[in-house]
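Peer 1: Task: produce atomic coordinates for the following.
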Amino acid sequence: MSHIIPNDKLVSIITPVYNSEKYIRDTINSVLSQTYTNWEMLIADDCSKDNTANVVKEFDDSRIKYFKLENNSGAAIARNKALEQARGKYIAFLDSDDMWKPNKLERQLKFMVQRNIGFSFTGYEILRDKNNKVIKVPKKLNYSGFMKNTIIGTLTVMLNKEIIGDVRLVNVKKDHDSMTWAKILRENNLAYGLNESLAYYRKVEGSISNNKFRAVKNHWNNCRHIENLSIFKCLYYFIFYCLNAFKKHYL
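Peer 2: The predicted structure follows:
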């Protein structure tokens, strides 16, 4: 088996933005630094009111494709609008305040191609002033394993459309990424973990993901009403979910 991945597999990078002028430059630069170069970055602007558009337009690279939604619609719809335009066989996700390490695409694509994987995720680091928190990942997750955990970072997910199918994010206001991974895994797919830190996750003050109580409440409601889990099944998953979330962020 060859250890060299040909540069002929287009990766479409999905990036929703909203008032992202503070961090989007770092995010784009992390994509431009990738050692694997066959990518397109689809930046879907959800009607930003700041200088995001001008910051993105500073980058003169035909692989960066910016467009603006007609109405402010939320991150799920912004991602789906970008997915409608994606031409790549492979889909990767990167939020406007996060970053990748330079070998992220190369390492993850090689991991997927050599194993014929449809859904993969990697380790990453939570940025801190001192000593980043490194998130390690398991070798693989099925639906039950995922529902007990919070370990899949959206900034690390890569999908092969020829295996998983043409994906759209579940259209719910909050927690739509987790609900989308649940939907994919519920359809008898597996998610394979590459236990290498290949990305940086930034905690932004005031964001939903940084408000753990609201995040847990949203996840509970979505498990009940989107995944249609019974109260007892939901409680079962949530005992593990909360324990794993505590270990992830505080141990």
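
Peer 1: Would you check how far apart residue 170 and residue 117 are?
Peer 2: 22 Å (Cβ to Cβ, to the nearest Å). Every C-beta, even on glycine, is put in place using the N, C-alpha and C of the backbone.

Peer 1: Can you give the distance of the longest strand belonging to the chain from its chain's centre?
Peer 2: Counting by DSSP state E, the longest strand found in the chain is strand 191-201. Distance of strand 191-201 from the chain centroid (Cα atoms, centre = their mean, to the nearest Å) equals 11 Å.

Peer 1: you'd agree residue 159 is up against residue 119?
Peer 2: Yes: using Cβ atoms under 8 Å, residue 159 is in contact with residue 119, at 5.6 Å.

Peer 1: Give me the more crowded residue out of those two.
Peer 2: residue 159 (28 against 22; other Cβ atoms under 10 Å).

Peer 1: Next, the closest residue to residue 69 other than its chain neighbours: phi, psi?
Peer 2: The spatially closest residue to residue 69, leaving aside those adjacent along the chain, is residue 46, at 5.5 Å (Cβ to Cβ, 6 or more residues apart in numbering). With angles defined as degrees, to the nearest 10, residue 46 sits at phi -90, psi 50.

Peer 1: And the one 5 residues further on, by the same measure?
Peer 2: Recorded main-chain torsions at residue 51 are phi -90, psi 20, according to degrees, to the nearest 10.

Peer 1: That one contacts residue 20, doesn't it?
Peer 2: No: the pair formed by residue 51 and residue 20 falls short of the contact definition of Cβ under 8 Å, at 9.5 Å.

Peer 1: Looking only at neighbour counts, state which of these two leads.
Peer 2: residue 20 (23 against 13).

Peer 1: That one and residue 94 touch, don't they?
Peer 2: No: counting by Cβ under 8 Å, residue 20 stays clear of residue 94, with 11.7 Å between them.

Peer 1: Overlap of the contact sets of these two?
Peer 2: Both residue 20 and residue 94 are contacted by residue 27, under the criterion Cβ atoms under 8 Å, 6 or more residues apart in numbering.

Peer 1: Can you give me every residue that contacts residue 15?
Peer 2: 27, 41-44, 82, 93-96.

Peer 1: Can you tell me the closest non-neighbouring residue to the most centrally placed residue in the chain?
Peer 2: For the chain, the residue sitting closest to the mean C-alpha position, by Cα atoms, centre = their mean, is residue 154 at 2.1 Å. Nearest residue to residue 154, sequence neighbours excluded (Cβ to Cβ, 6+ apart): residue 177, at 4.4 Å.
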